[in-house]
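> what would the 3D arrangement of this be:
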Amino acid sequence: MSDLIVPTPDGIASRVLGKTSGANLTLFALDAGQGLTEHTSPFEALVIVLEGTCTLTIGGTAVRATPGTIVRMPASIPHALEAVEATRLLLVMLRDERPA
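Numbering: from 1, shown residues only. As a prediction, this is how the structure comes out:
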């Protein structure tokens, strides 16, 4: 998977790998010290760390994540991410399909 995204020095790169009505699959590469500020999402998500180390803060609780770690982020709970070192991760955003 490392060939699918080119890291950006002092930045964040992302690439959408798949998108359906029920889920999004996005690959991220974050340089050390980079991150995503606290925000919320109406969807549940899973973060799968592929390379590096990052800290996810979910609802005020910090979780250190290393390769192979899978972290669940519940919908509507504030969360943030900081790369402790250069990090690649897969974000799986799950949408709850409700009948119209």
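> which helix or which strand is home to the residue nearest to residue 26 when sequence neighbours are not counted?
Here the nearest residue to residue 26 in space, its sequence neighbours aside, is residue 91; by C-beta to C-beta, 6 or more residues apart in numbering that works out to 4.6 Å. (C-beta placed from N, C-alpha, C; glycine too.) With the criterion set as DSSP states H and E, the secondary-structure element containing residue 91 is strand 87-94.
> mind listing what that strand pairs with, with the direction of each?
Strand pairing for strand 87-94, using DSSP bridges, gives strand 23-30 (antiparallel), strand 44-51 (antiparallel).
> which non-adjacent residue is nearest residue 7?
Counting by C-beta to C-beta, 6+ apart, residue 29 is the residue found nearest to residue 7 once chain neighbours are left out, at 4.1 Å.
> tell me who's in contact with the residue positioned nearest the centre of the chain.
The central residue of the chain, meaning the one whose C-alpha is nearest the mean C-alpha position (C-alpha atoms, centre = their mean), is residue 91 at 4.2 Å. With contacts defined as C-beta atoms under 8 Å, 6 or more residues apart in numbering, the neighbours of residue 91 are 24-28, 45-48.
> make a markdown table out of the strands paired with strand 87-94 and add mean neighbour count.
Formatted as a markdown table, the strands paired with strand 87-94 follow (neighbours: other C-beta atoms under 10 Å):
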| stretch | mean neighbour count |
| --- | --- |
| strand 23-30 | 19 |
| strand 44-51 | 17 |
